[in-house]
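Visitor: The sequence isn't on hand, but the structure is:
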């Protein structure tokens, strides 16, 4: 039996499940009303697939917008794929849910941010990080100010 309940990982799984459900609904029915998404993801994460020119332009992190033009949105248990338009050039992307750093729907002021936590850290380092007010494995609501114009 585990020494404690890992609420952080449980919360991450629940929040990724929420994103999976929302994207599955959009893949099936389209975007309702004014809803649209800003999704920031780690471009170095295993399983991310993107054009070489995009990867060189965004070597660590990229934010995509699912709003007016997107196609081929397919959602699986592991992540999603979508074709987006980059300067009149359609490009397919494959994004595992574990690569997602933020998910924001500004139309309803909803946002999630996933804190990263290296898996190779040992327990002593984790305790030290917690003492410094870090919150590993925790999803939280983000401020939308940086997405406002």
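Guide: Yep, it's here. Just so it is clear, the model here is predicted, and its values are computed rather than measured.

Visitor: can you pull out the helices in this protein?
Guide: 7-29, 52-57, 123-131 (DSSP state H).

Visitor: Quick check: closest non-adjacent residue to the residue nearest the centre of the chain.
Guide: Taking C-alpha atoms, centre = their mean, the centroid of the chain lies closest to residue 100, which sits 2.2 Å from it. Nearest non-adjacent residue to residue 100, counting by C-beta to C-beta, 6 or more residues apart in numbering: residue 41, 5.1 Å away. Every C-beta, even on glycine, is put in place using the N, C-alpha and C of the backbone.

Visitor: Next up, the contacts around that neighbour.
Guide: 48, 61-64, 95, 99-101 (C-beta atoms under 8 Å, 6 or more residues apart in numbering).

Visitor: Mind checking which of those residues are buried?
Guide: With burial judged by 16 or more other C-beta atoms under 10 Å, the buried subset of the contacts of residue 41 is 48, 62, 64, 95, 99-101.

Visitor: Tell me the one of the residues you listed nearest residue 84?
Guide: residue 64 (5.7 Å; C-beta to C-beta).

Visitor: isn't that closest one right next to residue 93, touching?
Guide: Yes. Between residue 64 and residue 93 there is a contact under C-beta atoms under 8 Å: 6.9 Å.

Visitor: Overlap in contacts, those two.
Guide: Joint contacts of residue 64 and residue 93 (C-beta under 8 Å, 6+ apart) are 82, 84.

Visitor: what's the spacing between the closest residue to residue 36 other than its chain neighbours and residue 7?
Guide: In space, residue 36 comes closest to residue 67 once its chain neighbours are excluded; the distance is 3.6 Å by C-beta to C-beta, 6+ apart. As judged by C-beta to C-beta, to the nearest Å, residue 67 and residue 7 stand 33 Å apart.

Visitor: out of these two, which sits in the busier spot?
Guide: The residue with more neighbours, out of residue 67 and residue 7, is residue 67; 15 against 10, by other C-beta atoms under 10 Å.
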